[in-house]
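Asks: How does the following fold in three dimensions:
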Amino acid sequence: MKFHFKGRDFLKLADYTPEEIGFLLDSSADMKRRWAAGVVESPLAKKSIALIFEKPSTRTRNSFQVGIQQLGGYSVYMRPDEMAASRGEPIKDTARVLDRYYDALVIRTFGQELVDEYAGWMKQPVINALTNDTHPCQVLADLLTMREKKGTLKGLKLCYLGMIWNMTHSLMVGCAQMGVDFYVGRPNGYEPNQEQFEIAQGLAEQAGSKVVFTESLEEAITDADIVYGMVWKSMGDPEHEKRVRDYSPYQIDNRVMGMAKADANFMHCLPAMRGEEVLDEVIEGPQSVVWDEAENRLHVQKAVMALVVP
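Replies: Reported below is the predicted structural model:
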């Protein structure tokens, strides 16, 4: 089966078919093996990639900049306050100028509409490095990690315990596409975006998987292959104290991990607020694979860039 990637934007996982996502995961795994074997590849030789980051970042910024360098390319990191857009220049003007200078744009911002606007005005590919709605690069790394640890994706059960935010929606869609049962344990009143939920339900129906939101921790975690932690507070969230009270029964400790399968793995996109959503005994314990998961951000993003940058 032939896939067309060159020149395509990477804005959200729902834009890609399960077969295309599988190919991206295969490419990521191959690239990871070749790098470990000392093979140097330069698909981005003489390519320049723009990075616009409006949110703080550790893993995303470093993995993209290192990945671009490893693939032979050159990156330019830009803060919004250093750009004319901060003084009122329309996005369409900025986008068309960057389009003439760069071979791709990686953007980490707040609203999905901003990423979509850049993509609408640029001929070169735009890669979503996180918005309030989606985090597709992280989910690719999660899927790769799950496949590495379990040997397959289809038929797995993932239990998600944490606030309902961009990771919930992205992981929900990615799991649904790839045949992973996605269970969310959360307090009453914390609901997903209805549009994203309906998209995931439709994809799950096609793949033969489930998407379930429940207040029952036991229902969410029983027989889980993966226990996925997420913070109770997002950037700029004013309701932190309320979330701590509401989510405290869903804190991930050794007792909770013992409710999943004996060989279940713990995952977290990081940063983790130790002592809130997860305890040290879990994140530093033998079931934790968070550092492999973080490393895989590098490999999946290298694969995405190698495939989409013309």
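Asks: residues touching the residue lying closest to residue 74 once chain neighbours are set aside, list them.
Replies: In space, and not counting its chain neighbours, residue 74 is closest to residue 48: 4.9 Å by Cβ to Cβ, 6 or more residues apart in numbering. In short, each C-beta sits where N, CA and C put it, glycine included. Residues in contact with residue 48 (Cβ atoms under 8 Å, 6 or more residues apart in numbering) are 73-76, 101-103.
Asks: for residue 144, same thing?
Replies: By Cβ under 8 Å, 6+ apart, the neighbours of residue 144 are 25, 28-29, 296, 299-300.
Asks: same question, residue 252
Replies: Residues near residue 252 by Cβ under 8 Å, 6+ apart: 161, 227, 229, 266, 277-279, 282.
Asks: same thing but 10 Å
Replies: Each residue near residue 252 by Cβ atoms under 10 Å, 6 or more residues apart in numbering is listed here: 159, 161-162, 217, 221, 227-230, 260, 266, 268, 272, 276-279, 281-283.
Asks: Could you identify the buried members of those?
Replies: Buried members of the contacts of residue 252, counted by 16 or more other Cβ atoms under 10 Å: 159, 161-162, 217, 221, 227-230, 260, 266, 268, 272, 276-279, 282-283.
Asks: from these, which ones fall inside strands?
Replies: Within these, residues falling in strands by DSSP state E are 159, 161, 227-229, 266, 268.
Asks: out of the contacts of residue 48, who's nearest residue 118?
Replies: The shortest approach to residue 118 among the contacts of residue 48 belongs to residue 102, at 11.4 Å (Cβ to Cβ).
Asks: In helices, which of the contacts of residue 48 fall?
Replies: residue 101 (DSSP state H).
Asks: Outline the domain layout of this structure.
Replies: 13-134+295-308, 139-293 (automatic domain parsing).
Asks: Show me where this structure dips below the pLDDT cut-off.
Replies: 1, 234-238 (pLDDT under 70).
Asks: And the strands in it?
Replies: So, for the chain - with DSSP E - the strands run 48-53, 74-78, 104-108, 126-128, 157-161, 181-185, 211-214, 226-229, 265-268.
Asks: Kindly reformat the ones you listed as a markdown table containing distance to residue 193.
Replies: Formatted as a markdown table, the strands of the chain follow (distance: least, Cβ to Cβ, whole Å):
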| stretch | distance to residue 193 |
| --- | --- |
| strand 48-53 | 24 |
| strand 74-78 | 29 |
| strand 104-108 | 20 |
| strand 126-128 | 16 |
| strand 157-161 | 15 |
| strand 181-185 | 13 |
| strand 211-214 | 12 |
| strand 226-229 | 18 |
| strand 265-268 | 22 |
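Asks: of all these, which lies closest to residue 255?
Replies: strand 226-229 (12.0 Å).
Asks: And the closest residue to residue 280 other than its chain neighbours, how far from residue 82?
Replies: Using Cβ to Cβ, 6+ apart and skipping residues adjacent in sequence, the residue nearest residue 280 is residue 274, 5.6 Å away. Distance, residue 274 to residue 82, using Cβ to Cβ, to the nearest Å: 34 Å.
Asks: Check residue 285 too.
Replies: Taking Cβ to Cβ, one finds residue 285 at 42 Å from residue 82.
Asks: And these two? Which one has more around it.
Replies: Neighbour totals were compared for residue 285 and residue 82, and residue 285 leads with 14 against 10 (other Cβ atoms under 10 Å).
Asks: I'd say the more buried one and residue 256 touch.
Replies: No: proximity of residue 285 to residue 256 does not meet the contact threshold set by Cβ atoms under 10 Å, at 11.9 Å.
Asks: Now list whatever residues contact both of the two.
Replies: Residues touching both residue 285 and residue 256 by Cβ under 10 Å, 6+ apart: 266, 278-279.
Asks: with the residues you listed in mind, which one is nearest to residue 140?
Replies: Once Cβ to Cβ is applied, the member of the shared contacts of residue 285 and residue 256 that ends up nearest residue 140 is residue 266, at 19.1 Å.
Asks: Just give the nearest non-adjacent residue to the closest one, would you?
Replies: The nearest residue in space to residue 266 (Cβ to Cβ, 6+ apart) is residue 288, at 4.6 Å.
Asks: How about residue 247?
Replies: Nearest residue to residue 247, sequence neighbours excluded (Cβ to Cβ, 6+ apart): residue 232, at 4.7 Å.
Asks: wouldn't the one you found be in contact with residue 275 here?
Replies: No: contact between residue 232 and residue 275 fails when scored by Cβ under 10 Å: they sit 11.0 Å apart.
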